[in-house]
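Novice: Show me the folded form of this:
(2 chains)
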Amino acid sequence: QKEVEQDPGPLSVPEGAIVSLNCTYSNSAFQYFMWYRQYSRKGPELLMYTYSSGNKEDGRFTAQVDKSSKYISLFIRDSQPSDSATYLCAMTGGYNKLIFGAGTRLAVHP
Amino acid sequence: GAVVSQHPSWVICKSGTSVKIECRSLDFQATTMFWYRQFPKQSLMLMATSNEGSKATYEQGVEKDKFLINHASLTLSTLTVTSAHPEDSSFYICSADTAGETYEQYFGPGTRLTVT
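Specialist: Below is the predicted model of the structure:
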């Protein structure tokens, strides 16, 4: 079993839809949770960073962490074609080593 | 936000030659830099962690004599792929953390290596 599970998709939604991206994990030591967006042939871009459980909002993006369920989510409101990318969850228990999910490919069509 | 650059962005080399990739943190000092490898439609695989002034720590299965890492300063780390072979063709990405108590890593734009 992988430490971090993420459905690779692809996920296709119409413009304006609410997108829900999720990851589950098995290591209860994880305390820091990140979401990265990666466009094709580019490096990942940090979108959201959350420590421990709770919600965090930044514009159209909301990150949720439920440590009791070992489940994290990223919601994108009013999705735009420019949101089309691969979204990677990542997490760590410390010492900076990130464990990545497989990445979910998202396509937002006009 | 923190900016990390990589050079070159794309390189083609012949089998048996060596290639050096640079990773720089432009507006912050990075105590730790990381090197990842990514195959098409796959996630990032950590190759090694490097700390300024000390030897890199390699992940299991990564040949340290083939992938030489040097972290000469707080803003520069280099990855040298020695005696490259076609199977080394991949997308190499570095990242740097901003130190402190957070674990945010900022990634470079990546280097696409093609070995012919």
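Novice: tell me which residues form a beta bridge with the closest residue to residue B:39 other than its chain neighbours?
Specialist: Using Cβ to Cβ, 6 or more residues apart in numbering or on different chains and skipping residues adjacent in sequence, the residue nearest residue B:39 is residue B:90, 5.9 Å away. For glycine as for every other residue, the C-beta is placed from the backbone atoms N, C-alpha and C. Residue B:90 forms beta bridges with residue B:113, as assigned by DSSP bridges.
Novice: check contacts around residue B:90.
Specialist: B:37-39, B:113 (Cβ atoms under 8 Å, 6 or more residues apart in numbering or on different chains).
Novice: what's the closest of these to chain A?
Specialist: residue B:38 (8.8 Å; Cβ to the nearest Cβ).
Novice: count of neighbours near the closest one?
Specialist: Neighbourhood size, residue B:38 [other Cβ atoms under 10 Å in any protein chain shown]: 20.
Novice: for it, what are its contacts?
Specialist: The contact partners of residue B:38, taken as Cβ under 8 Å, 6+ apart, are B:44-45, B:90-93, B:110.
Novice: so who does residue B:59 touch?
Specialist: B:45-48.
Novice: Which of the residues you listed sits closest to residue A:85?
Specialist: If you rank those by distance to residue A:85 using Cβ to Cβ, residue B:45 comes first, at 19.4 Å.
Novice: Just the pLDDT for the residue of chain B found nearest chain A.
Specialist: Per Cβ to the nearest Cβ, residue B:107 is where chain B lies closest to chain A, at 3.9 Å. With respect to pLDDT, residue B:107 has a value of 92.
Novice: Backbone torsions only: list them for it.
Specialist: Dihedral pair for residue B:107: phi -100, psi 150, per degrees, to the nearest 10.
Novice: Where does chain A get nearest to chain B, which residue?
Specialist: For chain A, Cβ to the nearest Cβ, closest residue to chain B: residue A:43, 3.9 Å.
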